[in-house]
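Undergrad: need coordinates for the following:
(2 chains)
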Protein chains: 2
Amino acid sequence: MKIYRYPTKDTWKNLVKRPVLEQKEISGLITEIFAEVEKKGDSALIEFNKKFDKAETQSIKVSEAEILEAEKQINKELKQAIQQAKENISKFHASQIQEIQKIETTKGVVCWRENRAVESVGIYIPGGTAPLFSTVLMLAVPANLAGCKETVLCTPPDKNGNVNPAILYAAKLCGVSEIFKTGGAQAVAAMTFGTECIPAVNKIFGPGNQFVVAAKEYAQRYGVAIDMPAGPSEVLVIADEQAVPEFCAADLLSQAEHGSDSQVVFITTDLKVFDKTIESVEQQIKELPRNEFAGQALKNSSFILINTLKEALEFSNLYAPEHLILAISNFEKYIPEVQNAGSVFLGNYSCESAGDYASGTNHTLPTNAYAKNYSGVSLDSFVKKITFQQLSKEGLQNLGKTIELMAEAEGLFAHKNAVSIRLK
Amino acid sequence: MKIYRYPTKDTWKNLVKRPVLEQKEISGLITEIFAEVEKKGDSALIEFNKKFDKAETQSIKVSEAEILEAEKQINKELKQAIQQAKENISKFHASQIQEIQKIETTKGVVCWRENRAVESVGIYIPGGTAPLFSTVLMLAVPANLAGCKETVLCTPPDKNGNVNPAILYAAKLCGVSEIFKTGGAQAVAAMTFGTECIPAVNKIFGPGNQFVVAAKEYAQRYGVAIDMPAGPSEVLVIADEQAVPEFCAADLLSQAEHGSDSQVVFITTDLKVFDKTIESVEQQIKELPRNEFAGQALKNSSFILINTLKEALEFSNLYAPEHLILAISNFEKYIPEVQNAGSVFLGNYSCESAGDYASGTNHTLPTNAYAKNYSGVSLDSFVKKITFQQLSKEGLQNLGKTIELMAEAEGLFAHKNAVSIRLK
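TA: Below you'll find the predicted structure:
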């Protein structure tokens, strides 16, 4: 833990810095994997499963039988939990659907926007240490609501060539069209180029390790869009004297357990809360199964004592955290001060894990200070907003002179002529 | 012109291809320019003005006196035109401001989104053959409406070290904070790193030549966001028997005059309209001052005769044009068929130049088939949508079990504990 008591503002710039991740070495490997998948398709993926995931997979595509079998393996309680989460995520994302609103900007000139779904989307779900079926919900539910025609899911197989049943169950429940056993950069390459069995998609979503992140970056040069640039997960907790140290410690640890590179920042105006939260973190961590990750992440974490909540918010805006918890009594007052954050959790009972799983908000959020210029995933991420305009003859008469003058001043006479010829 | 009569569907995939632009050679130059600007700041920009724009500039920043002087140089008529355009663009983009909508997903669990402006944005306006002051309106108006604290504009100086007065006038009118005389990749680098006089920004907008496009791409590795990937401008016109060939020809040419790499596609179901439009293009082009560009662009243009409007729309969706003109009588019927397009112009009086300048819609649109996965610039481009959630104790009681079950199934016990500790 790094402890800072009343750091002066000139030091903040250093305190908000994220560790720089070295990525140079892997770019050659990404290029190779993409070339291999483009050339050999499915057989390359089967090879990579053997090489990287130590898995024998005759077929890349998950069969209906496997999905049915997975459904049997999930107990009723977990199914109900997943269904409640799905319902809340659906409700919140459905509320983001916008009505068409026609605006007459000049008499006879009517403009509006209409949403159209991105036709084909790909969802990447990592394997590794935690089977993130919650991410399936977060991406497949809005894809479905948006009306994407095709929602493809790729995830690496385990050593026996299987996919975690909860991932399959969630995918089926949320209307994923097809599921494929392939992970890492090769999965991203497959969704970029398409293979015999995996369709090429228009946009790729989902978290992953540094190979997946680099592959998504790389995929963009082939015209594919991605959800957003990625970095390690983060939480920043702001607490006042009414915060509960045990709750704060639990929230900090739930971020820290994600991985050894997780970013954890705690800021409080209260000395007692400061000391007790640190104490509670040290106590709670002992009981965690993933305390190795959490311990590693905590080494890089910052615990900051600060003078005022106003300053705490100022620091937070400079840091631009993925998750911001305002464990303060009068949070309403400070909401307008929140400038840069992915998702904000208000008060003592809004723990981050509520948003991670089931409250309804999306958990795919901007990290690494990208909250300064990116939004988290929402229904918007799965649609294009197309503008339409309809000018009547009268409309063009009302606006024509303006267009002609501007086109002429820009030296674009064909633009001008498109109006003049109609008004003749 | 490339003429296709009733091309079979298996040939479409080739017909929708854009020419591939070679960019490899310039990446080294971009890296050098960025390094130079990062190291030397303003003095590098002054040097680059000399080198690339043949301009002597003692100061990079446009002075108040220069802006006042520019205002005098614009005649009253053009000022009024710019003001009408600004008013329409403001009206349409203001209609995109969303009210906060709080959703109770589970009793005691309230979620919503709030917009926050991207704090600092940069607008790039090319110099070159046409002074695109209309683009100033298209980017500065929504930036201003969104509440961006800082809107910086960079544009290359002419040989006398000046900026086109219409650009200065539009910038001032639309609330641009500061204007700088610097162009090309060096301008993008300056907005990425900041210099003595130019502030670093969070997001860079605006069109440009291949150096600017490559520089925007490159800037992203430093955490800056950009409006969208770019390519040459495009129009696809679909016409039926009621279309007016002269109007169609004028629209095609207004696209073609943008540059020799502009993409122009004409599709009709009517043989007479087909022949007459080609004839009219050949006639009208003779009178254009920029007919050299237009002629070059037309060489790559496609004129396609097709059987049905349904097929025409199908082709258009595969092409995913930046601008789509539906010069057909019953366009209402075909609006739902439009899947992939940047902006759509309906009927015989909605010429593309209306949207380019003054109807109110934004003219910064996805090209190069990016209309499949990107929207054009809108108010959304200048804000982040931050999610908020507030759980009461009761809310967490209602949702807690679900969160605990899911966290446990993902093996994330600290996530579970953040709930359990609160419900104890």
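Undergrad: can you tell me the SS state at residue A:237?
TA: strand (DSSP: H, G, I helix; E, B strand; the rest coil).
Undergrad: in this structure it contacts residue A:319, no?
TA: No. Contact criterion Cβ atoms under 8 Å: residue A:237 and residue A:319 do not qualify, at 11.7 Å. All C-beta atoms are positioned from the backbone trio N, CA, C, and that covers glycine.
Undergrad: more neighbours, those two?
TA: residue A:237 (29 against 25; other Cβ atoms under 10 Å in any protein chain shown).
Undergrad: local confidence estimate at the more buried one?
TA: For residue A:237, the model assigns a pLDDT of 98.
Undergrad: who does it form a beta bridge with?
TA: residue A:266, residue A:325 (DSSP bridges).
Undergrad: now do residue A:384
TA: residue A:116.
Undergrad: pull the number of nearby residues for it.
TA: 29.
Undergrad: separation between it and residue A:77?
TA: Per Cβ to Cβ, to the nearest Å, residue A:384 is found 39 Å from residue A:77.
Undergrad: likewise residue A:395?
TA: For residue A:395, the distance to residue A:77 - Cβ to Cβ - is 60 Å.
Undergrad: could you pull out the strands for the stretch 301-424 of chain A?
TA: Assigned by DSSP state E, counting those that start in this stretch, the strands in the stretch 301-424 of chain A fall at A:302-305, A:323-327, A:343-346, A:383-391.
Undergrad: any idea which of those is most buried?
TA: strand A:323-327 (a mean of 28; mean count of other Cβ atoms under 10 Å in any protein chain shown).
Undergrad: any idea of the angle that strand forms with strand B:383-391?
TA: Angle between the axes of strand A:323-327 and strand B:383-391 is 40 degrees (criterion: axes from the mean of the first three to the mean of the last three Cα atoms, to 10 degrees).
Undergrad: redo the strands of the stretch 301-424 of chain A as JSON lines? Include mean pLDDT and distance to residue A:134.
TA: Listed next are these as JSON lines, based on pLDDT from 0 to 100; distance: least, Cβ to Cβ, whole Å:
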{"stretch": "strand A:302-305", "mean pLDDT": "97", "distance to residue A:134": "27"}
{"stretch": "strand A:323-327", "mean pLDDT": "98", "distance to residue A:134": "15"}
{"stretch": "strand A:343-346", "mean pLDDT": "98", "distance to residue A:134": "14"}
{"stretch": "strand A:383-391", "mean pLDDT": "98", "distance to residue A:134": "23"}
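Undergrad: surely residue A:299 meets residue A:1?
TA: Yes. If you go by Cβ under 8 Å, residue A:299 and residue A:1 touch, sitting 7.2 Å apart.
Undergrad: looking at these two, which is more packed in?
TA: Neighbour totals were compared for residue A:299 and residue A:1, and residue A:1 leads with 14 against 11 (other Cβ under 10 Å).
Undergrad: residue boundaries of the helices in the stretch 301-424 of chain A?
TA: A:309-319, A:331-334, A:352-357, A:393-409, A:413-423 (DSSP state H, counting those that start in this stretch).
Undergrad: contacts for the first one, please.
TA: When contacts are defined by Cβ atoms under 8 Å, 6 or more residues apart in numbering or on different chains, helix A:309-319 is touched by residues A:12-13, A:15-16, A:236, A:238, A:240, A:265, A:267-269, A:304, A:306, A:324, A:328, A:334, A:337-341, A:369.
Undergrad: so which of these also contact chain B?
TA: By Cβ under 8 Å from any Cβ of the partner chain, the members of the contacts of helix A:309-319 lying near chain B are A:338, A:339, A:340, A:341, A:369.
Undergrad: farthest pair within these?
TA: A:338 and A:369 (14.7 Å; Cβ to Cβ).
Undergrad: determine the set of other helices and strands touching the helix or strand bottoming out on mean pLDDT in chain A.
TA: When each helix and strand of chain A is scored by mean pLDDT, DSSP states H and E, helix A:291-299 comes last, with a mean of 85. Contact here means 3 or more Cβ pairs under 8 Å, 6 or more residues apart in numbering or on different chains; DSSP states H and E; on that basis helix A:291-299 packs against helix A:245-256, strand A:263-268.
Undergrad: quick check: angle from the top helix by length along chain A to helix B:393-409?
TA: Looking across chain A with DSSP state H, the single longest helix is helix A:76-94. If you take the same axes, to 10 degrees, helix A:76-94 sits at 120 degrees to helix B:393-409.
Undergrad: what about the helices in the stretch 51-200 of chain A?
TA: Taking DSSP H, counting those that start in this stretch as the criterion, the stretch 51-200 of chain A carries its helices at A:64-73, A:76-94, A:133-146, A:165-173, A:184-193.
Undergrad: coming back round to it: among the ones next to chain B among the contacts of helix A:309-319, which one has the most neighbours?
TA: residue A:341 (28 neighbours).
Undergrad: so how far is residue B:344 from residue A:337?
TA: In terms of Cβ to Cβ, residue A:337 sits 40 Å off from residue B:344.
Undergrad: with residue A:410 instead?
TA: 23 Å.
Undergrad: how is residue A:275 assigned, secondary-structure-wise?
TA: Residue A:275 ends up helix, using three-state DSSP.
Undergrad: what confidence value was assigned to it?
TA: Reading off the model, residue A:275 has pLDDT 98.
Undergrad: state the number of residues packed around it.
TA: Count around residue A:275 with other Cβ under 10 Å applied: 14.
Undergrad: any figure for the gap between it and chain B?
TA: Computed with Cβ to the nearest Cβ, to the nearest Å, the distance linking residue A:275 and chain B is 18 Å.
Undergrad: just to revisit the earlier point, which elements pack onto the longest helix of chain A?
TA: helix A:133-146, helix A:165-173, strand B:103-106, helix B:393-409.
Undergrad: can you pull the contacts of the closest residue to residue A:379 other than its chain neighbours?
TA: Excluding the flanking residues, the one nearest residue A:379 by Cβ to Cβ, 6 or more residues apart in numbering or on different chains is residue A:96, at 4.0 Å. Applying Cβ under 8 Å, 6+ apart to residue A:96 gives the contacts A:378, A:379, A:380, B:113.
Undergrad: one more pass at 10 Å, please.
TA: Residue A:96 is in contact with A:142, A:145-146, A:362, A:378-380, A:383, B:98, B:101, B:103, B:113, B:385, counting by Cβ atoms under 10 Å, 6 or more residues apart in numbering or on different chains.
Undergrad: from residue B:193, how far out is the residue nearest to residue A:165 when sequence neighbours are not counted?
TA: Of all residues not flanking residue A:165 in the chain, residue A:70 sits nearest, at 3.6 Å (Cβ to Cβ, 6+ apart). Look at residue A:70 and residue B:193: by Cβ to Cβ, they are 50 Å apart.
Undergrad: out of the two, which sits in the busier spot?
TA: residue A:70 (22 against 18).
Undergrad: mind pulling up the pLDDT for the more buried one?
TA: The model's pLDDT for residue A:70 equals 95.
Undergrad: doesn't residue A:131 make contact with it?
TA: No. Residue A:70 is beyond contact range of residue A:131, at 11.4 Å (criterion: Cβ atoms under 10 Å).
Undergrad: name the residues contacting each of the two.
TA: Contacts common to residue A:70 and residue A:131, judged by Cβ under 10 Å, 6+ apart, are A:163, A:164, A:165, A:166, A:167, A:170.
Undergrad: show me which of these is closest to chain B.
TA: Nearest to chain B out of the shared contacts of residue A:70 and residue A:131 is residue A:166 (Cβ to the nearest Cβ; 5.6 Å).
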